[in-house]
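[1] I'll drop the sequence and a predicted model, then ask my questions.
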Amino acid sequence: MRAIWTGAIGFGLVNIPIKIYSAIQNSQLDFDMLDRKDQSNIRYKRVNEKTGKEVEWENIVKGYMLKDKYVVLEEPDFEDAMPDKNKMINLQTFVKEADIDSIYFDTPYYMEPQKGGEKAYSLLFKALEKSKAVGLSTFVMRTMENLAIVRPHNGILLLNKLRFEEEIRPTADLKVTNQRIVKQEMDMALQLIKQNSSDFDISGYKNEYSKALLKIIKQKAQGKRATIRKINVDKENTKASELLAKLKASLA
């Protein structure tokens, strides 16, 4: 793994030097875009809008449109905006993870102690584990401010980015009405949930779609015609008048 951020965790007056690594990897198949005629790769170019000429990456800068004019920002400008948050994940407060709605959870990252920070890292890990709390912080990574929690996970500290409240869309525009549910319908719905309840085991869930798609790719590579599985699925929407009958059939 390659570190994508280096800095320190601020725990009171204790600074813990750490490196951050991505905790996730893509399990989707990687497809290239091709020209149907000769299967040549499609390539994108970064071109100057006015001249149409290609621009080398080292000559590309970031700009912000302000009063009909671009203001160009260089790397030091991004660092100067919040220098205290560019290299420090300061744990500002501690909360219970259960109090954070899952809608706010975003990308997870592994945290590894740098040389000299091993004992302080271990202390924070064990203190969070014992208190059953998570540390809440904001920090800057890749020119963006991030809200995050630091929590113990499988013997290491895990940083989990959170979405800001302003990033969550309101639900007011959704057309959802409160419908009257009769007792028999509710009883059957609860029975159906109980009948299909089990302990959560992530190992039981795999990306089966990618496996099936790869099987088709290998068949086509050998000149074979891919087998199309026909699945008989009732796709008709359940009407309110049919709800009770459908629930009964589900429990049968």
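    Thanks, I have it.
[2] Can you find the helix or strand of the protein with the lowest average pLDDT?
    When each helix and strand of the chain is scored by mean pLDDT, DSSP states H and E, helix 83-86 comes last, with a mean of 64.
[3] Quick one: low-confidence residue ranges for the protein.
    For the chain, the stretches with pLDDT under 70 are 82-85, 226-235.
[4] Can you give me the neighbour number for the closest residue to Val47 other than its chain neighbours?
    In space, and not counting its chain neighbours, Val47 is closest to Glu54: 5.5 Å by CB to CB, 6 or more residues apart in numbering. Just so you know, the C-beta spots here come from the backbone N, C-alpha and C atoms, and that holds for glycine as well. Per other CB atoms under 10 Å, the neighbour tally for Glu54 reads 9.
[5] Then Val140?
    Using other CB under 10 Å, Val140 has 21 neighbouring residues.
[6] That one is in contact with Asn146, isn't it?
    Yes. Taking contacts as CB atoms under 8 Å, Val140 lies within contact range of Asn146: 7.2 Å.
[7] just to revisit the earlier point, the residue nearest to Val47 and Tyr44 touch, don't they?
    No. Contact between Glu54 and Tyr44 fails when scored by CB under 8 Å: they sit 10.4 Å apart.
[8] Give the residues shared as contacts by those two.
    Residues touching both Glu54 and Tyr44 (CB atoms under 8 Å, 6 or more residues apart in numbering): none.
[9] how close does the closest residue to Glu79 other than its chain neighbours sit to Asn146?
    Spatially, and ignoring its direct neighbours in sequence, Glu79 is nearest to Asn86 (5.4 Å; CB to CB, 6+ apart). Plainly put, Asn86 is 11 Å away from Asn146 if you go by CB to CB, to the nearest Å.
[10] Settle it for me: which of those two has more neighbours?
    Counted by other CB under 10 Å, Asn86 and Asn146 do not tie: Asn146 has more neighbours, with 20 against 16.
[11] what pairs with the following helix or strand past the least confident helix or strand of the chain, and is each one parallel or antiparallel?
    As assigned by DSSP states H and E, the chain's next helix or strand after helix 83-86 is strand 88-90. When sheet partners are counted by DSSP bridges, strand 88-90 sits next to strand 5-11 (parallel).
[12] Can you tell me what sits against the partner strand?
    In contact with strand 5-11 (CB under 8 Å, 6+ apart) are residues 15-20, 86-91, 109, 111, 114, 117, 120-121, 124, 135, 137, 139, 141, 150, 157.
[13] Pull out the buried members of those.
    Buried subset of the contacts of strand 5-11 (neighbour count, 16 or more other CB atoms under 10 Å): 15-20, 86, 88-91, 109, 111, 117, 120-121, 124, 135, 137, 139, 141, 150, 157.
[14] Just the ones of these in strands?
    Among the buried ones among the contacts of strand 5-11, DSSP state E puts 15-20, 88-90, 109, 111, 135, 137, 139, 141, 150, 157 in strands.
[15] List the contacts of the closest residue to Arg2 other than its chain neighbours.
    Once flanking residues are discounted, Arg2 sits nearest to Tyr21: 7.2 Å by CB to CB, 6+ apart. Residues near Tyr21 by CB under 8 Å, 6+ apart: Met1, Arg2, Ala3, Ile4, Tyr109, Tyr110, Met111, Glu112.
[16] so how far is Gly12 from Tyr21?
    Relative to Gly12, and taking CB to CB, Tyr21 is found at 25 Å.
[17] Same question for Ala120.
    10 Å.
[18] In the stretch 51-200 of the chain, mark out all the helices, start to finish.
    Taking DSSP state H, counting those that start in this stretch, the helices of the stretch 51-200 of the chain run over residues 75-81, 83-86, 118-131, 183-195.
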